[in-house]
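Chemist: Fold the following and give me the result.
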Amino acid sequence: MHLCDDTNLDGTKKSPDKLRSSYSHAEKLHAAYRFGYKQHGLMDTWQESEVTRKMLGNLMTSPIVSKYMSSLKCHKVQSGETPTSSQALTKEDIHLLYNFTRRQEYKLVSRSIPSKLQKNPDHDNWSGYCLFCQLQFIYVISFICLLWIDEALKIQAKDIDILYDKHSLLLTLTLPFRKTHQFSNIKPFHLQEFLEELKHICPVRAYMEWVSVSNIEEGYLCQRVQANDMVQGIEPMSSQQFLVHFHNHLSVIGLDAMQYGGHSFRHGGCQWLHIECRWPLQKICEWGGWSQEFSNLTIVKYLISWNDNPRFKWENFFLMNQKAEVACVMCGRKCLCYGSVPAKL
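Modeler: From the prediction side, this is the model:
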């Protein structure tokens with residue numbers, strides 16, 4: 001950790017010309033040490049032994065280390081370091097992933113599922129249709145409902161109800177827990193079936209397809225898929241397993257997988273609701289579980305991030321004669337005010 005700090009282990013200040021590692025590097029070291037202690041049989045808590053009165057357990061979970069990490073983060077921000085978050089996954093990115101899973105051959109051939117990240121995944125032998133349907137459900141439900149990946153992976157069959165109302169199919173999702181609601185009082189998500197133009201991000205379609213393929217009627221919806229592309233059952237898919245599949249999926253469509261993580265869905269969904277659906281901040285905060293007091297604008301880092309792909313070229317901001325290529329499916333307009341896809345010049 002001392003590589004990231006401005007102070008040496010003996011308490012002296014480091015020379016200004018000495019290279020320092022970023023806070024992101026410190027987080028990775030912290031996670032690695034914590035995992036290493038756990039692999040050697042140490043429990044995941046740091047506590048005093050009632051017999052020997054000595055401290056036992058995983059040192060990385062101690063209050064002192066947690067306080068140090070918080071202080072280091074504050075110091076890095078004050079010194080001008082820009083925190084790097086996962087790049088937002090856009091509606092267009094999900095469309096590419098969706099189109100790849102629609103290839104007919106994946107429905108007909110049983111394939112072997114890799115358990116590790118592939119540097120150059122084979123387009124034709126990377127995964128199977130069952131896994132693709134599950135991934136699509138996780139992508140869409142996390143993107144639309146602004147869920148953390150752990151929340152999406154813990155959804156059970158009993159948490160979802162499908163009803164037929166006068167408009168279309170209605171999916172109701174009631175989460176058993178949320179990171180932003182530690183003391184229950186969790187409002188359910190009510191999701192109508194989307195328009196045909198938005199079928200690639202429709203939670204109702206993704207859920208119906210996944211249940212039809214997996215035949216899951218109880219327990220966790222997002223379960224581990226075996227190497228033969230069959231659902232293993234009982235235990236939910238872990239976040240590490242999901243990220244391996246997600247990154248492999250991104251690689252085969254030509255995206256840099258290392259730029260994306262579990263937050264990419266919540267990040268991208270927030271931008272889509274604000275830019276294309278024109279939701280006000282108060283509505284997004286209520287939907288995503290953020291505080292509406294606006295004393296700490298956490299939502300801003302989801303709306304604006306330096307590592308996101310720009311929607312418009314800088315030199316074309318005031319190109320008045322530029323016309324939109326695709327009409328908004330929400331209102332039918334073809335203006336560039338809210339991020340419609342510009343026509344190619």
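Chemist: so Q47, which of the three states?
Modeler: Secondary structure, DSSP: H, G, I helix; E, B strand; the rest coil: Q47 is strand.
Chemist: Could you list the low-pLDDT ranges of the stretch 101-250 of the chain?
Modeler: 104-127, 180-184, 233 (pLDDT under 70).
Chemist: now the strands: where do they sit in it?
Modeler: 160-164, 169-173, 189-192, 223-225, 231-236 (DSSP state E, counting those that start in this stretch).
Chemist: what ranges do the helices span in the stretch 101-250 of the chain?
Modeler: With DSSP state H, counting those that start in this stretch, the ranges of helices along the stretch 101-250 of the chain come out as 105-108, 129-145, 149-153, 203-214, 239-252.
Chemist: Return the most buried member of those.
Modeler: Highest mean neighbour count among the helices of the stretch 101-250 of the chain (mean count of other CB atoms under 10 Å): helix 129-145, with a mean of 24. For every residue, glycine as well, the C-beta is placed using N, CA and C.
Chemist: Could you tell me the angle between that one and strand 160-164?
Modeler: Between helix 129-145 and strand 160-164, the angle comes out at 80 degrees (axes from the mean of the first three to the mean of the last three CA atoms, to 10 degrees).
Chemist: Could you list every helix and strand in contact with helix 129-145?
Modeler: With contacts taken as 3 or more CB pairs under 8 Å, 6 or more residues apart in numbering; DSSP states H and E, helix 129-145 sits against helix 91-101, helix 105-108, helix 149-153, strand 189-192, helix 203-214, strand 223-225, helix 239-252, helix 263-275.
Chemist: and the fourth one, which strands flank it?
Modeler: Read that as strand 189-192. Using DSSP bridges, strand 189-192 pairs in its sheet with strand 169-173 (antiparallel).
Chemist: CA atoms of stretch 163-180 as PDB?
Modeler: This file holds the C-alpha atoms of stretch 163-180, laid out as PDB (Å, rounded to 0.1, in the frame of the first residue of the first chain):
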ATOM      1  CA  LEU A 163     -49.700 -10.400 -15.200                       C
ATOM      2  CA  TYR A 164     -51.800  -9.500 -18.200                       C
ATOM      3  CA  ASP A 165     -53.200  -6.000 -18.100                       C
ATOM      4  CA  LYS A 166     -55.100  -3.900 -20.600                       C
ATOM      5  CA  HIS A 167     -51.900  -2.600 -22.200                       C
ATOM      6  CA  SER A 168     -49.500  -5.600 -22.400                       C
ATOM      7  CA  LEU A 169     -47.600  -8.100 -20.300                       C
ATOM      8  CA  LEU A 170     -46.700  -6.600 -16.900                       C
ATOM      9  CA  LEU A 171     -43.700  -7.900 -15.000                       C
ATOM     10  CA  THR A 172     -43.500  -7.000 -11.300                       C
ATOM     11  CA  LEU A 173     -40.100  -7.500  -9.600                       C
ATOM     12  CA  THR A 174     -39.900  -7.300  -5.800                       C
ATOM     13  CA  LEU A 175     -36.300  -7.500  -4.500                       C
ATOM     14  CA  PRO A 176     -35.700  -9.200  -1.200                       C
ATOM     15  CA  PHE A 177     -32.900  -6.700  -0.400                       C
ATOM     16  CA  ARG A 178     -31.300  -3.600  -1.800                       C
ATOM     17  CA  LYS A 179     -28.000  -1.900  -1.000                       C
ATOM     18  CA  THR A 180     -29.800   1.400  -0.700                       C
END
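Chemist: Can you pull out the residues in contact with that stretch?
Modeler: Here stretch 163-180 makes contact (CB atoms under 8 Å, 6 or more residues apart in numbering) with 141, 145, 147-148, 150-151, 154-156, 159-162, 186, 188-193, 203-204, 207-208, 288-290.
Chemist: quick revisit: dump the helices of the stretch 101-250 of the chain to JSON lines, plus distance to N58.
Modeler: JSON lines is the format used below for these (distance: least, CB to CB, whole Å):
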{"stretch": "helix 105-108", "distance to N58": "42"}
{"stretch": "helix 129-145", "distance to N58": "29"}
{"stretch": "helix 149-153", "distance to N58": "20"}
{"stretch": "helix 203-214", "distance to N58": "36"}
{"stretch": "helix 239-252", "distance to N58": "18"}
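Chemist: Noted, bye for now.
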